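Asks: structure here, sequence nowhere to be found:
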Ligand code: F6R
């Protein structure tokens, strides 16, 4: 949460910082700010609310502000201190007895209270309620005493506890930025006569595709012509350049009204890219490049949060059905403190779109405690989790900008099916031809999801009307349709703010049926196979009690049509694809309900896409 960006080089500084922040807004949008340096001092511009507010403020700045050659920027997801201009980054220190400094920070400084007291004791006045401001003052004191900006940052870092990515500048060295990280991500973008810094590569795709990753315990000093990476002890570090294959168009709307809608429509391509090279024509899943011995895996533990957790639940079903290996799926924030049990034959699968979710990273750490092997399923090349895991299975959804996960969900589910097939074959759990048949069916995922989008687009608006007067809603499913129901409920609640819960349909009688009335729509995900019938009878019971029902069912399902007010049709597809096609209408339903309520679907309130604090 929070995004930071930095630039040194030419006069397009402010443009680069603003563009970088635009692409990092998914990390938080409580406030935004810039600091630019000149020998005379540091000038800041800060505004509460989305980046557009800051852009408006900048119109009033004089030309000097735009002719600087170095600056840092920040987009905030508030942790310490409410969203306000005073609490917006960058935070400044110094000025009276020495050069001004400015700091942007992502993360939490846990010992900020103690540092604040100490600094106050030395007569320093604070201008904000943030934890970050202590860094600015610690730096300013050191710079005033004659230390270089880099020396000052290294010295200040020794006093900080917590997680951070921090970038700083000083009026004494107006064309230098220094930065460091502990847990929170930080990348350096490499240019010609200019260099960049950001929380994530997406910020800079319009300017470079060449990056260096900064690791914990390192500090980087950037000028227009140099990038110096060293340990905090001062040892120079050589790091290989990492080239990303994402293009700038991936973070543009491309004619769509919102990123969420664009990303829903990108699902067929995202699935195709994720399966390409891994799922052969004959249905064989090839994960040999992961260099992970799957034949001796006796147990699988999946750790993840939110949508990724739902993908994990579908992965469990696929792995247990195909590979006959027991799977436990745990919410990462619980697992990290659970003192988990396992051994070297346990494969720990950490699913994380961003690859930087703090709880998921900590859950991986907990699994290390018992010697588990770790496979990361992530969408983000070079992310923190790729550096913590033994092997990485990349989903190829491309950058996802909308806060609500859509294309990354279906690609996570596809990746888990690839794992299930590869594990099943490595363990000889099923006849090879049976597995190949499932693999060949999985190859149809892009085209079936494309059909699902077309079908759902036609009806989602009509289904959304059922929610006009709703005060809550329930999403029901059984078997593979149950995690899909959970995901549908999460999509709806996070972007429309309507209380929505996913339930196994068979559990209705054990409590939730008490909620049923005309203002609590039921969304029934019928799925395929024997459980379809069972779900139907559970739904009938709610209809008998006055529920308004929307069913997600095959287009030719006359029974579903008879009990539902609106059917969200899914195409006829092999059973393995039923969660893929059923997820689509639920995404579009949530989208239409939120739009009808006039809400910003890409930036729902209180949320940030990367959850880098506990
Ligand atoms: C919901 C959503 C979140 C994320 C969760 C995990 O639409 O996006 O629930 O799935 O925060 O994020 P990652 O996958 O980045 O670890």
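Replies: Cool, the structure landed. Because the structure is predicted, anything quoted here is derived from the model rather than measured.

Asks: what does the chain have sitting close to the ligand?
Replies: Counting by C-beta under 6 Å from any ligand atom, the residues of the chain close to the ligand are 305-308, 352-354, 357, 360, 404-405, 490, 494, 611. Glycine gets a C-beta too; all of them are placed from N, C-alpha and C.

Asks: tell me the one of these nearest residue 336?
Replies: The shortest approach to residue 336 among the residues of the chain next to the ligand belongs to residue 360, at 8.6 Å (C-beta to C-beta).

Asks: my guess is the closest one meets residue 385, correct?
Replies: Yes. Counting by C-beta atoms under 8 Å, residue 385 is a contact partner of residue 360 at 6.8 Å.

Asks: now the helix or strand harbouring residue 492: mean pLDDT?
Replies: Assigned by DSSP states H and E, residue 492 belongs to helix 481-496. In this model, helix 481-496 carries a mean pLDDT of 98.

Asks: elements contacting that helix?
Replies: Judged by 3 or more C-beta pairs under 8 Å, 6 or more residues apart in numbering; DSSP states H and E, helix 481-496 is in contact with helix 306-323, strand 473-477, strand 500-504, strand 522-525, helix 578-596.

Asks: can I get the ones you listed in a markdown table with mean pLDDT and mean neighbour count?
Replies: Below are the helices and strands packed on helix 481-496 laid out as a markdown table (pLDDT from 0 to 100; neighbours: other C-beta atoms under 10 Å):
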| stretch | mean pLDDT | mean neighbour count |
| --- | --- | --- |
| helix 306-323 | 98 | 24 |
| strand 473-477 | 96 | 28 |
| strand 500-504 | 96 | 22 |
| strand 522-525 | 96 | 30 |
| helix 578-596 | 98 | 27 |
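
Asks: okay if I get these as CSV plus distance to residue 138?
Replies: Formatted as CSV, the helices and strands packed on helix 481-496 follow (distance: least, C-beta to C-beta, whole Å):
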stretch, distance to residue 138
helix 306-323, 35
strand 473-477, 49
strand 500-504, 45
strand 522-525, 52
helix 578-596, 43
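
Asks: ok, so of the residues of the chain next to the ligand, who is nearest the ligand?
Replies: Lowest distance from the ligand to those (C-beta to the nearest ligand atom) belongs to residue 306, with 1.9 Å.

Asks: now do the contacts for the closest residue to that closest one other than its chain neighbours.
Replies: Leaving aside its sequence neighbours, residue 306 sits nearest to residue 490 (C-beta to C-beta, 6 or more residues apart in numbering; 6.7 Å). The contact partners of residue 490, taken as C-beta atoms under 8 Å, 6 or more residues apart in numbering, are 306-307, 310, 500, 502.

Asks: nearest to residue 477, of the residues you listed?
Replies: Nearest to residue 477 out of the contacts of residue 490 is residue 502 (C-beta to C-beta; 7.3 Å).

Asks: in space, what's closest to the closest one - neighbours in sequence excluded?
Replies: Of all residues not flanking residue 502 in the chain, residue 486 sits nearest, at 3.5 Å (C-beta to C-beta, 6+ apart).

Asks: which parts of the stretch 251-400 of the chain are helices?
Replies: Counting by DSSP state H, counting those that start in this stretch, the stretch 251-400 of the chain has helices at residues 259-265, 267-275, 306-323, 332-335, 358-368, 384-388.

Asks: for residue 32, which of those helices is the nearest?
Replies: Shortest distance between residue 32 and the helices of the stretch 251-400 of the chain, using C-beta to C-beta, is found for helix 259-265: 17.9 Å.

Asks: run the chain-centre distance for that closest one.
Replies: Relative to its chain's centre, helix 259-265 lies at 15 Å (C-alpha atoms, centre = their mean, to the nearest Å).

Asks: and for stretch 546-564?
Replies: Distance, stretch centre to chain centre, for stretch 546-564: 34 Å (C-alpha atoms, centre = their mean).

Asks: list the buried residues in that stretch.
Replies: Residues 547-554, 557, 560, 563-564 are the ones in stretch 546-564 that count as buried (16 or more other C-beta atoms under 10 Å).

Asks: try stretch 223-232
Replies: So for stretch 223-232, counting by 16+ other C-beta under 10 Å, buried means 223-224, 227, 229, 232.

Asks: and which of the residues you listed is nearest the ligand?
Replies: Using C-beta to the nearest ligand atom, residue 229 is the member of the buried residues of stretch 223-232 that sits closest to the ligand, with 26.2 Å.

Asks: check for me that the closest one belongs to a strand.
Replies: Yes. Counting by DSSP: H, G, I helix; E, B strand; the rest coil, residue 229 falls inside a strand.

Asks: and the closest residue to it other than its chain neighbours, how far from residue 152?
Replies: Distance criterion C-beta to C-beta, 6+ apart; nearest residue to residue 229, sequence neighbours excluded, is residue 237 at 4.4 Å. Taking C-beta to C-beta, to the nearest Å as the measure, residue 237 falls 20 Å from residue 152.

Asks: more crowded one of these two?
Replies: residue 152 (24 against 15; other C-beta atoms under 10 Å).

Asks: now do the same contact list for the nearest residue to that one once chain neighbours are set aside.
Replies: Nearest-residue entry for residue 152: residue 142, 3.6 Å, with adjacent residues in sequence omitted and distances by C-beta to C-beta, 6+ apart. Going by C-beta under 8 Å, 6+ apart, residue 142 touches 151-152, 155-156.

Asks: now, those that are in strands?
Replies: Among those, DSSP state E puts none in strands.

Asks: so which of these belong to helices?
Replies: Among these, the members found in helices (DSSP state H) are 151-152, 155-156.

Asks: show me which of those is closest to the ligand.
Replies: If you rank the ones in helices among the contacts of residue 142 by distance to the ligand using C-beta to the nearest ligand atom, residue 156 comes first, at 29.6 Å.

Asks: hang on, that closest one packs against residue 136?
Replies: No. Using C-beta under 8 Å, residue 156 makes no contact with residue 136, being 9.2 Å away.

Asks: so these two - more neighbours on which side?
Replies: Using other C-beta under 10 Å, the more surrounded residue of residue 156 and residue 136 is residue 136, with 30 against 26.

Asks: quick check: that one vs residue 166, distance?
Replies: 10 Å.

Asks: low-scoring stretches of this protein, by residue?
Replies: For the chain, the stretches flagged by pLDDT under 70 are 39.

Asks: per-domain residue ranges of it.
Replies: 3-250, 253-443, 457-609 (automatic domain parsing).

Asks: reformat those as TSV; add distance to residue 451.
Replies: Shown next, in TSV, are those (distance: least, C-beta to C-beta, whole Å):
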stretch	distance to residue 451
domain 3-250	24
domain 253-443	9
domain 457-609	4
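
Asks: okay, and residue 103 sits in which element?
Replies: strand 101-109.

Asks: buried residues in the next helix or strand after that strand, which are they?
Replies: Downstream of strand 101-109, the next assigned helix or strand under DSSP H and E is helix 112-121. For helix 112-121, burial by neighbour count (16+ other C-beta under 10 Å) applies to 112, 115-116, 119.
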